[in-house]
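>>> Pasting a predicted model and its sequence here:
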Amino acid sequence: LLGEVRKAAEALSAQRMETLRNEACSLNQAISRRTQEEVFAIARKTLTDLAATSLEGQMVDVFVRQVRALGEREKEELKAAFKNASEPAVIRSAFELPAPQRSQIEGVIHDIVASEAPVRFETWPDLVSGIDLTANGRKISWNIAAYLQSLEKGIGELLDVKNTPETMATSKPEEPDPGTMNA
């Protein structure tokens with residue numbers, strides 16, 4: 001009887017430990033995801049707040065360079081999109097574009113598509129400091145949000161791999177660095 005009770009107690013203890021490991025893993029994932037969300041929210045807010053006129057001008061320059069650097073295939077696709085478009089192409093930016101910057105963007109587009117294709121400009125605050133060109137389903141985009149999303153995806157994948165129950169069960173707690181003090 002004593003042996004059976006001991007086995008039952010050990011089984012219950014093992015089950016409790018597994019439950020605690022799973023709960024710790026879930027809590028760790030929740031804390032990691034929440035921290036990640038907060039970091040990206042702060043970065044987006046900071047970048048939006050820092051969007052000064054000189055930064056906006058630089059964004060237009062980067063976008064124009066990106067459009068000019070398109071490969072021949074992409075340029076042909078863009079020409080076809082403009083040629084077959086029933087509506088004007090739309091340039092969206094996170095900020096109001098001044099006339100010289102609008103002319104700069106229109107100029108590079110007209111150079112590539114070899115026509116005075118109509119273009120409509122819109123302000124779209126959801127873009128985190130960036131510019132999008134959409135013509136008949138074809139889109140060219142440059143914005144900081146794309147970099148942040150790429151970083152967010154990479155961190156998410158890293159957290160998914162690091163926080164699987166298998167890695168949590170086999171990993172040992174990190175030993176504190178003897179040179180640092182924990183409060």
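Cool, the structure landed. Please read these numbers as outputs of a predicted model, since none were measured by experiment.
>>> for the record, mean pLDDT for stretch 75-89?
Averaging pLDDT along stretch 75-89 yields 88.
>>> what bits of the protein have low per-residue confidence?
The chain contains residues with pLDDT under 70 at 44, 47-48, 50-55, 128-129, 145, 161-183.
>>> Please state the offset of stretch 32-47 from the chain centre?
Centroid separation between stretch 32-47 and its chain, computed with C-alpha atoms, centre = their mean, to the nearest Å, is 11 Å.
>>> quick one: buried residues of that stretch?
By neighbour count on 16 or more other C-beta atoms under 10 Å, the buried set for stretch 32-47 is 32, 36, 40, 43, 47. C-betas here are computed from N, CA, C, even on glycine.
>>> would JSON lines of those with distance to residue 4 be doable?
Shown next, in JSON lines, are these (distance: C-beta to C-beta, whole Å):
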{"residue": "32", "distance to residue 4": "42"}
{"residue": "36", "distance to residue 4": "48"}
{"residue": "40", "distance to residue 4": "54"}
{"residue": "43", "distance to residue 4": "58"}
{"residue": "47", "distance to residue 4": "64"}
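>>> Now go through those and say which are in helices.
Judged by DSSP state H, these include 32, 36, 40, 43, 47 as members of helices.
>>> Could you say which helix or strand holds the residue nearest to the second one when sequence neighbours are not counted?
The shortest distance from residue 36 to any residue that is not its chain neighbour, by C-beta to C-beta, 6 or more residues apart in numbering, is 5.6 Å, and that residue is residue 155. Counting by DSSP states H and E, the element that carries residue 155 is helix 144-162.
>>> Would you mind confirming that residue 127 makes contact with residue 142?
No. Under the criterion of C-beta atoms under 8 Å, residue 127 is not in contact with residue 142, lying 9.6 Å apart.
>>> Give me the neighbour count for residue 56.
19 (other C-beta atoms under 10 Å).
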